[in-house]
Structures are given as structure tokens and as C-alpha cells.
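A.B. asks: Here is a sequence with its predicted model. Questions after.
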Amino acid sequence: MASTLFDKVWDSHVVRKIEDGPDILFIDRHFIHEVTSPVAFLSLEQRGLNVLYPDRTFATADHNTPTINQHLPVQDPLSANQLKALETYSAKYGISHWGLGNPKNGIVHVVGPENGITQPGMSIVCGDSHTSTHGAFGAIAFGIGTSEVEMVLSSQCIMQPKAKKMRINVNGKLSKGVMPKDVILYIISQTTAAGATGYFVEYAGDVFRNMSMEGRMTVCNMSIEMGARGGMIAPDDTTFNYIKGKDKAPKGTDWDSALAYWKTLKTDEGAEFDKEYNFKAEDIEPMITYGTNPGMGVGISKSIPSAEFIHSNQATFDKSMTYMGFGEGQQMLGKKVDYVFVGSCTNGRIEDFRAFASIVKGRKKADHVTAWIVPGSHVVEAQIKEEGILDILTEAGFSLRQPGCSACLAMNDDKIPTGKYAVSTSNRNFEGRQGPGARTMLASPLVAAAAAVTGVVTDPRTLLN
Amino acid sequence: MAYDKFTILKSSAVPMPIENVDTDQIIPARFLKATERKGFGDNLFRDWRYHNDNSPKTDFVLNNPTYSGKILVGGKNFGSGSSREHAAWAIYDYGFRAVVSSFFADIFKNNSMNIGLLPVQVSEAFLDQIFNQIEKDPDTQIEINLQKQTITLLATGAQETFVINGYKKHNLINGYDDIDYLQSMKEEITRFATSRV
């Protein structure tokens, strides 16, 4: 019987099926961070349970951390407490821990792949909804709540009903200036913020075949923003070449047998999906969001659509427009930008900073714009310096911060002030996400760069050589 | 026992006819800095409920004494966004025991069931009926019967059945949690792990 990539990976992890209930899935990799694990560990201790497989568990500090002066003690006592808890529990249970200052530290969904921990055909969870990022490798990866973190720590398993299957095909060739971020923003604008709820998505077609691993990670990262449980892309030579030689990648004969297995991980001809979408690459232009959920995005040259057009009720749409200070029919081009944030698990990797640099090179940051340029990890930070990107940034009037989730969710001091407009390469534009009253416009690193140098929403294609 | 058992809930309800209520609204990120599950009820819908100076926003439904109860009724796509289980905790710790909507985001739905908060999915038409009934009479009583999987507007007798999988239903009725179940399977799990290598 023809099965999908999702079926193959899911079914190979089922320990037991419960009658009229969820499947019990074995978890290959459990990533943990300081915000969603301390309460799970506390509960584990209270129940007198142990961590079943510490060597399948990987901890990093990212959500709560400052992005400057990381060598100094963390100022916020609550943040410091959480960071300390993660460190203490990791040491107690023998879990690999990359805290502030560790050369491998960074955002969880950046460091996992970067170190070869994420591999095709694996089941991967983390107490963070953007865990879907790892699906770029042909893994089943999804976010979980704190009770489930405790479940995985104590039993290395999770209970999940098997999701329905969706395939999203994008064929053709992307135009110049169109990035993977634009592809996923376009897809979500078509499916809506709830369009894939209950589904696991497979992304297929030329556009994904031709995309780099970092691009695939950007796309899979935002699967959750259309409500999908997760998103995945079948592994291929691009995937295998990325993983080969990385720290935790299999070596020698282990590599050969792993590779043989990974090559079987694709959807069979004739396999059926519960729902399927087909999009054309040529229809995608640089995108920007105008509203308060990631589905509220448009091509940068277009104007804000009506509530009816996006299948929203008028009251909800009006609330969103009032919050943003925007209105139906308005052009996005030319709108004033106060802040620019480049980073996050969506766009915090080296290719994103190369893209940003390609536009700011030889130009200057607009005077009134505050820019936060935050690498996804120390490894990315080092690459930025090595490749001369830091020099380009400095010359243009930008400074580089230290790794962390930063302004994506503003748990640290990187908060956008009330009423200010930010073009952000992160993944959510909800009310107050980047700070109470902050007005977020999500976009690609190229759009962010164009905004940073002109001070207004600008089509990056007009600034490309 | 992990949380209160859920059998029959009869209560008035708090109406929130807003669509796409995301978990950043339910519990803003700055409140996720806890190392214990305490005080989350105080910060439920914090930024919709209070001004920056902590004075209550009088037009927000939770600050309106006309509405109260153990049931929260929300517009479609309730609980979208972040996987923070803290969102479910905040709703539960505030005092709600059930959330009713025509559509729930997956992770939120799962998190809720894991902590004893029942998500009840009804049709859009029935959701409208509920909102209309609450508007007519803010004290109108709603009965949710988990065993029968029914939700009833007692004033009119209007009723719908809702879907919930048998395993989760059993857990909620008995106040059981998944962790105890999985601990009982440890041998099977370690055998599976060894066979995977």
C-alpha cells in the first residue's frame, strides 16, 4: 500500500495504539529550554520519577536570555531563576546543557540542526511550537506543553492522535528577491491561520527541492502558524550533505546504514493525502503582514484586503486594524518603520544575515530606525564575523547582538515600545507579542533590510543589484 | 489524581465572541517566567484586562460583573499560536472548567485536556445560539455532561453532542493523567528503544 513520508515516519515510532485514543509515540530527540521545562522537572521530582533517556535530551538557554552583555549576571531575577533551574536539573539528570556563554549556545531550533542532532526519520519534540522547524529534515517534529515535557522526560514517549495529512505543492521558479520566508507567508495567507489545524503538512515540488536546508527550516518553522501539527520535507542530497560531518551525525559504517534508510523516506507514488494545495512560484512576491495573525499577509506591492476577502468576521478584522493603526485598501509600501528585528528560529541563520547584508552593503541605516540584529547561535555569530558580514553591518551603522530568541517574543529586554512599528523576521505578529502595544509586520530578511535603510516599508527588489 | 474529575458541569458562562484568540493574549510571554504553576489565574488575558498602570479595563468581559461562571465561550480558532500550556493553566486557575468554541487550535486543545480543562467543540450555528442566549440572559445556565458528551442550554433545551476520544474522556472523568499510564508501560518502552538502535 502506498504510504506518505508522514505515515512511514509516524508508524515506525508507534509503541502502542490505544483503542479510541491516541498513539503512543517513541521520541528520538527531546529538546528542552528554560521556560517550559522547570515546572516539568519540579513535577517529575514531586512524583519521584527519573529521566528515562538523558542522552536523548538536549538543553539550551534561549527564550529568556539577554542579547547583550551575556557575560554579566542576568538582571531579571525571574529569568535568572529559570536559567539556573535548567542548569541545575540538567546537571542532576546528566542532560547535555548549553547555557549562556557556552560556545554551542543558541536558539533551540537553530542549534539542534547545526550540531547534527536533528536527522531524517526521527521523532522530535520540544516545549515550543516552532519545533516544526526540524521537519525540514524529513523528521516528525512538533511542539508540546509542559505536562507533555514531563511525559517525555519520564517515559520518552508522548500520546498523540495521528494527524490528517496535507500536501502543499509549490512548483516553478522563485523570482529574484523572493525568499523562503515569502513562500511560507504566501502559503499561510492562502490557507489562513487555522487552515491546517488537525493536519501534518508535507511540502513538495520544485521550489522545496531547490531550496537550501536553511530555507526549508524557515518554511517548516511556520507550519504551526496555519495551525498544522507540523510540517516536513522529504530528505534528499541537500539534506544529506548538510548533515554529513556534523558533530552528532552518524559516522563511518553508521553513516552508510543511516543514509540507506534515509533514502527510503519519501512519499510513495499514488499515496493519498486528506487535502492537497497547489501553488505557483511565479505568483509569490516579497510578502509583508499587515494584521495580527500570520495569515494576514500580502504581497508587498499590494494593498490591505477586506475582511470578506480573507474569510474573517468584520469585528475581528476591525479590531486588528485598530490595533495596527491600518485600514482596508491601504498600500503597505511607504508605511513608517520604527524598529527592525532580524533573527529568531525562523530567520536567524547565516543565509538570512547574508541576505540582509546584500542590501545594506554600501548603504546606511535610516536614522530613526532602531535595529536589533540577533544571530541564532554563537556558531552563526562566528560565521557572520568570518565572512566579513559584521564589517558590512558596522559600516552601515548596525550592531550585532548575541544569540537568543530576543524580540520574537520579548521575554527579555528586547521589547518593541507601545505603538511602534517593527518589521520583524520572526514568526508571530499577535497583539503585544513583541511588547505590549507593539505593531509587528512579519517579513523576510531582504524586506527587513530594505526597511532598515529606507525607514519605510520598501520593496527589496528595488534595492537589489 | 492529577486534577479535579469532570463529570457534569452546570454553570453560567462568560462570553468572548472574538475569533482567533491566541495564547499570547491568554497569557502574555512575560508571565512564563515561573518555575512553579502558581498565580496564573491573576494574569489570564492580562493585557486585555488591565491597563499598563494595572487599572482594570472596564469594557473587558472579565471585568464586567454581569458575566461569571465556570464556562468560557470563545469565537472560532480559540487557543491558536504558541504551545504554552500556561494558557490552559491560566484559564483553569482563574476558575473555568470548560471552554466552548466552534474550533480549537490543536496544541491548546491537547494541553487543556491534559490538565482537566474540557474543550467543547460545537457547530458555528450552536455557538451563535449560545452567544445569543447569554446576551438575552447573562445568568443563563449551560450544562455540559461529559459522560453523555452533550452540551445543553437549559433555558431552551437546545442541545448538541460533542466529540472527544474515549481515552481522554476516561481520563477526565477519573482525574487520571497520561504520565501514570506511561509509567506502567516502561518495560515495553525500553524494549522498543533497544529495537530501534
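C.D. replies: The structure has been received and is ready for your questions. Residues are numbered from 1 along each chain as shown, chains lettered A, B, ... in the order given.
A.B. asks: what residues are up against B:Asn165?
C.D. replies: A:Asp20, A:Gly21, A:Pro22, A:Pro161 (CB atoms under 8 Å, 6 or more residues apart in numbering or on different chains). Every C-beta, even on glycine, is put in place using the N, C-alpha and C of the backbone.
A.B. asks: Tell me, how many residues neighbour the third one?
C.D. replies: Read it as A:Pro22. Number of residues near A:Pro22 (other CB atoms under 10 Å in any protein chain shown) recorded here: 18.
A.B. asks: Up against chain B, what does the stretch 1-150 of chain A have?
C.D. replies: Residues of the stretch 1-150 of chain A lying close to chain B by CB under 8 Å from any CB of the partner chain are A:15-16, A:18-22, A:24, A:26, A:28, A:35-36, A:38-39, A:42, A:47, A:49, A:52-53, A:63-64, A:76, A:78-79, A:81-82, A:85, A:127-129, A:131, A:143-148, A:150.
A.B. asks: go again using 7 Å as the cut-off
C.D. replies: Counting by CB under 7 Å from any CB of the partner chain, the stretch 1-150 of chain A comes close to chain B at A:15-16, A:18, A:20-22, A:26, A:35, A:38-39, A:42, A:64, A:78-79, A:81-82, A:85, A:127-129, A:143-148, A:150.
A.B. asks: I'd like the list of those residues that fall within strands, please.
C.D. replies: A:Val15, A:Arg16, A:Phe26, A:Gly143 (DSSP state E).
A.B. asks: pretty sure the second one is touching A:Ile24, no?
C.D. replies: Yes - taking CB atoms under 7 Å as the definition, A:Arg16 is a contact partner of A:Ile24 at 4.6 Å.
A.B. asks: Which one of those two is surrounded by more residues?
C.D. replies: A:Ile24 (23 against 17).
A.B. asks: So that one sits against A:Trp10, correct?
C.D. replies: No - at 11.8 Å, A:Ile24 does not count as touching A:Trp10 under the criterion of CB under 7 Å.
A.B. asks: biggest helix in chain B by residues?
C.D. replies: In chain B, with assignment by DSSP state H, the single longest helix is helix B:124-136.
A.B. asks: Which residues belonging to that one are considered buried?
C.D. replies: B:Phe126, B:Leu127, B:Gln129, B:Ile130, B:Phe131, B:Gln133, B:Ile134 (16 or more other CB atoms under 10 Å in any protein chain shown).
A.B. asks: Now look at it and say if it contacts chain A.
C.D. replies: No - Helix B:124-136 lies apart from chain A when judged by CB under 7 Å from any CB; the minimum separation is 10.7 Å.
A.B. asks: Return the list of helices and strands in contact with the helix or strand following that helix.
C.D. replies: Using DSSP states H and E, the helix or strand that directly follows helix B:124-136 along the chain is strand B:142-145. When contacts are defined as 3 or more CB pairs under 7 Å, 6 or more residues apart in numbering or on different chains; DSSP states H and E, strand B:142-145 packs onto strand B:8-11, strand B:150-153.
A.B. asks: Show me what the first one is packed against.
C.D. replies: Same thing as strand B:8-11. Counting by 3+ CB pairs under 7 Å, 6+ apart, strand B:8-11 packs on strand B:142-145.
A.B. asks: May I have the strand it packs on as CSV, with CA atoms only?
C.D. replies: What follows is strand B:142-145, C-alpha atoms only, in CSV (Å, rounded to 0.1, in the frame of the first residue of the first chain):
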residue,chain,number,x,y,z
ILE,B,142,-25.4,25.7,30.5
GLU,B,143,-25.0,22.0,31.3
ILE,B,144,-22.0,20.0,30.0
ASN,B,145,-22.3,16.3,30.5
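A.B. asks: Report the contact partners of the residue nearest to B:Asp47 when sequence neighbours are not counted.
C.D. replies: Using CB to CB, 6 or more residues apart in numbering or on different chains and skipping residues adjacent in sequence, the residue nearest B:Asp47 is A:Gly432, 5.1 Å away. Contacts for A:Gly432 (CB atoms under 7 Å, 6 or more residues apart in numbering or on different chains) come out as A:Ala438, B:Asp24, B:Pro28, B:Asp47.
A.B. asks: Let me know the helix or strand that A:Gly432 is in.
C.D. replies: Per DSSP H and E, there is no helix or strand for A:Gly432.
A.B. asks: Tell me where the chain is predicted with low confidence.
C.D. replies: Here I'm looking at chain A. Within chain A, no stretch has pLDDT under 70.
A.B. asks: right idea, wrong chain: chain B
C.D. replies: Counting by pLDDT under 70, chain B has low-confidence residues at B:1-2, B:197.
A.B. asks: ranges for the helices of it?
C.D. replies: Going by DSSP H, chain B shows helices at B:23-26, B:46-49, B:86-94, B:106-115, B:124-136, B:166-174, B:178-183, B:186-196.
A.B. asks: okay, these in TSV with distance to A:Ile300 next?
C.D. replies: Formatted as TSV, the helices of chain B follow (distance: least, CB to CB, whole Å):
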stretch	distance to A:Ile300
helix B:23-26	25
helix B:46-49	29
helix B:86-94	32
helix B:106-115	31
helix B:124-136	34
helix B:166-174	44
helix B:178-183	45
helix B:186-196	47
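A.B. asks: Let's see which of the residues of the stretch 1-150 of chain A next to chain B end up in helices.
C.D. replies: Per DSSP H, the residues of the stretch 1-150 of chain A next to chain B map to helices at A:Pro38, A:Val39, A:Leu42, A:Leu78, A:Ser79, A:Asn81, A:Gln82, A:Ala85, A:Thr146, A:Ser147, A:Glu148, A:Glu150.
A.B. asks: What count of nearby residues applies to whichever residue of the stretch 51-200 of chain A sits closest to chain B?
C.D. replies: Closest approach of the stretch 51-200 of chain A to chain B (CB to the nearest CB) occurs at A:Gly145, with a separation of 3.1 Å. Neighbours of A:Gly145 under the rule other CB under 10 Å: 27.
A.B. asks: can you pull the contacts of the closest residue in space to it that isn't next to it in sequence?
C.D. replies: Nearest residue to A:Gly145 in three dimensions, chain neighbours excluded: B:Glu85, at 3.1 Å (CB to CB, 6+ apart). By CB under 7 Å, 6+ apart, the contact list for B:Glu85 reads A:Gly145, A:Thr146, A:Ser147, B:Asn111, B:Ile115.
A.B. asks: and the residues you listed as JSON lines, adding distance to A:Ala260?
C.D. replies: Output for the contacts of B:Glu85, formatted as JSON lines (distance: CB to CB, whole Å):
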{"residue": "A:Gly145", "distance to A:Ala260": "36"}
{"residue": "A:Thr146", "distance to A:Ala260": "38"}
{"residue": "A:Ser147", "distance to A:Ala260": "37"}
{"residue": "B:Asn111", "distance to A:Ala260": "38"}
{"residue": "B:Ile115", "distance to A:Ala260": "43"}
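A.B. asks: And those, which two are furthest apart?
C.D. replies: The most widely separated members of the contacts of B:Glu85, counting by CB to CB, are A:Thr146 and B:Ile115 (9.2 Å).
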